[in-house]
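Trainee: give me a model of this one.
(2 chains)
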Amino acid sequence: MGGIQTILKKELADHFSSYRFVILFALIAMISLITVYMVGLHIHRDLLGVAKPRYVFLMLFTASGGLFSLVQFVAFFGPLIGLILGFDSINSERNAGTLSKLLSQPIYRDAIINGKFLAGLVVIAVMMVSIVLVMSGLGLSLLGIVPGFEEIGRIAIYLIVSIVYIALWLGAAILFSIVFRSVATSALAGLALWIFFSFFISLGASVAADALTSAAPDGNPDALMVRMRVEKAVALTSPMRLYTDATATIIDPMRKTTHDVIPMGMLEQMSLARFAGPLPLGQSLLIVLPYVISLLALTVVCFGISYAVFMRQEIRSL
Amino acid sequence: MTGKAIIQAEGLTKTYGNQVAVDHLWLDVMEGEIFGFLGPNGAGKTTTLLMLLGLTEPSEGRARVLECNPTREPIRVKRQIGYLQENMGFYEDLNARQMLAFVAELNGLDAHEAASRTEQALLEVGLQGEADKRIEAFSRGMRQRLGFAEILIKNPKIAFLDEPTLGLDPEATNRIIELIQRLCREKNMTVLLSSHLLHQVQKICHRVGIMIKGRLVACGPMAQLASEKFGVGETEYTLEEIYMKYFTEA
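Mentor: Presented below is the predicted three-dimensional model:
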């Protein structure tokens, strides 16, 4: 299908030559440089007294140094990248009158939306890969440690999950750009969704849990467990939480579960200490697989909806 | 002009909710003719063109363009039709040559063919001097000519021109009119144009159809319409007078 290729080529050219992209890239490059610098400064202190440190290289991405780690940064600001790349993809063409021109050419209608989504995906991939490469390169010279195969594998998986995650937001942004005619409205809708999922869901989860479960005044463990489960279920509706959980044990092999484990007493702490070794990659993957699949499914659903809406839209209103 | 109908509308109807945009349109357009679609704004001319192009699905009836059903085989139909929109949009940050190259690529032309057709089209519409200027600097007349160049690149059998001369100064209008006539004469292109600038339509159209409120109230050569309305032998009337007569009656 020549149509997709042509649209993809043009969209990529547009992205890479736009100021929007330059600004976005400068911002992200700056932040990754600062992060790696901060981590580099703190990593020596963090490793002080550790007899045989393992997976030091991965700490480049997970250690929060002074403020935040790259993983946290992507979870929080990654959506913005997706939104910025997609919020005006269809409606700006519609407003300029170029959409019906495209449609009157002998290409299938889905070539347009597929091409645009693919172009966004390529830009996201280029961005993420280059950030990770820059950080790795700097980290290499800063730490003097060469990553092993497993670490590289983990970083690669992390990259793929991150790209899917940002693509989810790209899909949402494209959907808004189809539904809303005004560019400003679709940008606002995207931002609102982002704020909702990043702030309100985590607040709302505990509120919902309080409302749905009876209080456990005597600290009844069963009631507490139910409450925890409800809270987690609500929180997992947020793709942000899904992503954080999905990448948690991948990039940090010391974590063995996506749950937050709080060792309560001395004995528990001692028993946990027996399993202090890192998880093998396969086991890490096994733990996060449901999250990764949900994330992928969400992305596909989001793009699917945009696709369906776009295919049915009346041309006269274009 | 040959006697073969290249575009056929068979009871074509389009409704938006309660509103009827096009009401059971029956129309044949012959190969190689210039057919003028006349009518006030909102009469359903553009909707008809969109249905014939396969961009809008008819609520009722069907269209046949080049022996194809545009709703079923939109790609085949679109490959053979050049469409000049009423308010045409361009990618403002491209220059004319890039824009044409993009259209050529969308039509599946290889690079070599695209390049030669681009130069040819630029020459024919007289934009060869402006080919490297960004489109945002183009005047309305130049944009319209660039739109024609996009059609020439496709080298289609049929051209749909929606208000091709709207908002142009007289000189630019004449250029466009000449271009349309040349297309028809030299490339044997069938042209379906919609307009409410009657004076020019009269000059170039072989047949006209008058559309009011979604209905085709009259269709035929100028002389025939005149004699229908003003009596036998009366061919002196201008299109404007015929049109007004129909319009006041409707």
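
Trainee: okay, helices next: where are they in the chain?
Mentor: You didn't pick a chain, so chain A it is. A:2-17, A:19-46, A:56-62, A:70-86, A:91-96, A:98-103, A:109-143, A:149-179, A:183-195, A:201-212, A:221-235, A:239-251, A:266-273, A:281-312 (DSSP state H).

Trainee: not quite, I wanted chain B
Mentor: Under the criterion DSSP H, chain B carries helices at the ranges B:45-53, B:74-80, B:96-106, B:111-125, B:140-154, B:170-187, B:198-204, B:222-230, B:239-249.

Trainee: do you know the pLDDT at B:Val29?
Mentor: For B:Val29, the pLDDT comes out at 89.

Trainee: what's around it, how many residues?
Mentor: By other C-beta atoms under 10 Å in any protein chain shown, the residues close to B:Val29 number 23. Bear in mind the C-beta positions are built from the backbone N, C-alpha and C, glycine included.

Trainee: report the contact partners of it.
Mentor: B:Ala5, B:Ile6, B:Ile7, B:Gln8, B:Phe35, B:Thr190, B:Leu192 (C-beta atoms under 8 Å, 6 or more residues apart in numbering or on different chains).

Trainee: my guess is the first one contacts B:Gly32. True?
Mentor: No. Using C-beta atoms under 8 Å as the test, B:Ala5 is too far from B:Gly32 to be in contact (11.4 Å).

Trainee: the two: which is more packed in?
Mentor: More crowded of B:Ala5 and B:Gly32, by other C-beta under 10 Å: B:Gly32, with 19 against 13.

Trainee: low-confidence regions, chain B specifically.
Mentor: B:1-2, B:231-237, B:250 (pLDDT under 70).

Trainee: can you name the residue of it nearest to chain A?
Mentor: Relative to chain A, the nearest point of chain B is B:Gly89 (2.7 Å; C-beta to the nearest C-beta).

Trainee: what residues does chain B have near chain A?
Mentor: Chain B has residues B:16, B:47, B:50, B:53, B:55-56, B:75-76, B:78-79, B:81, B:83, B:85, B:87-92, B:102-103, B:105-108, B:150 near chain A, with proximity defined as C-beta under 8 Å from any C-beta of the partner chain.

Trainee: restricted to buried residues, select these in PyMOL.
Mentor: To isolate in PyMOL the members of those that are buried, counting by 16 or more other C-beta atoms under 10 Å in any protein chain shown, one can use:
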select buried, chain B and resi 47+50+53+55+56+76+78+79+81+83+85+88+89+90+91+102+103+105+106+107+108+150
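
Trainee: thinking again about what came up before, give me the buried subset of the contacts of B:Val29.
Mentor: B:Ile6, B:Ile7, B:Gln8, B:Phe35, B:Thr190, B:Leu192.

Trainee: confidence score at A:Ile166?
Mentor: 94.

Trainee: name the nearest residue to A:Leu121, sequence neighbours excluded.
Mentor: A:Ala167 (5.4 Å; C-beta to C-beta, 6 or more residues apart in numbering or on different chains).

Trainee: what's the burial count for the one you found?
Mentor: Neighbours of A:Ala167 using other C-beta under 10 Å come to 26.

Trainee: likewise for B:Val20?
Mentor: B:Val20: 16 neighbours (other C-beta under 10 Å).

Trainee: you'd agree it is up against B:Gly214?
Mentor: Yes. Contact criterion C-beta under 8 Å: B:Val20 and B:Gly214 qualify, at 5.2 Å.

Trainee: quick one, what contacts the residue of chain B closest to chain A?
Mentor: B:Gly89 touches A:Glu93, A:Ala96, A:Gly97, A:Thr98, A:Leu99, A:Ser100, A:Lys101, counting by C-beta under 8 Å, 6+ apart.

Trainee: mean neighbour count, the helices of chain B: which tops it?
Mentor: helix B:45-53 (a mean of 25; mean count of other C-beta atoms under 10 Å in any protein chain shown).

Trainee: who's in contact with it?
Mentor: A:104, A:315-316, B:7, B:9, B:12, B:14, B:21-22, B:25, B:37, B:39, B:56-58, B:63, B:65, B:70, B:74, B:77-78, B:81, B:83, B:86, B:160, B:162, B:192, B:194, B:211.

Trainee: rewinding a little: please name the residues that touch the residue nearest to A:Leu121.
Mentor: Listed by C-beta under 8 Å, 6+ apart, the contact partners of A:Ala167 are A:Gly82, A:Phe117, A:Gly120, A:Leu121, A:Ile124, A:Thr299.

Trainee: redo the residues you listed as CSV? Include pLDDT and distance to B:Glu228.
Mentor: As requested, the contacts of A:Ala167 are exported to CSV (pLDDT from 0 to 100; distance: C-beta to C-beta, whole Å):
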residue, pLDDT, distance to B:Glu228
A:Gly82, 93, 62
A:Phe117, 93, 55
A:Gly120, 94, 58
A:Leu121, 94, 61
A:Ile124, 93, 64
A:Thr299, 90, 62
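
Trainee: just give me the closest of these to A:Asp88.
Mentor: Taking C-beta to C-beta as the measure, A:Asp88 lies nearest A:Gly120 of these, at 11.6 Å.

Trainee: shaky segments in the stretch 51-200 of chain A?
Mentor: In the stretch 51-200 of chain A, residues with pLDDT under 70: A:51-53, A:64-66.

Trainee: one more time with 80
Mentor: Low-confidence segments of the stretch 51-200 of chain A, defined by pLDDT under 80: A:51-57, A:59-60, A:62-69, A:142-145.
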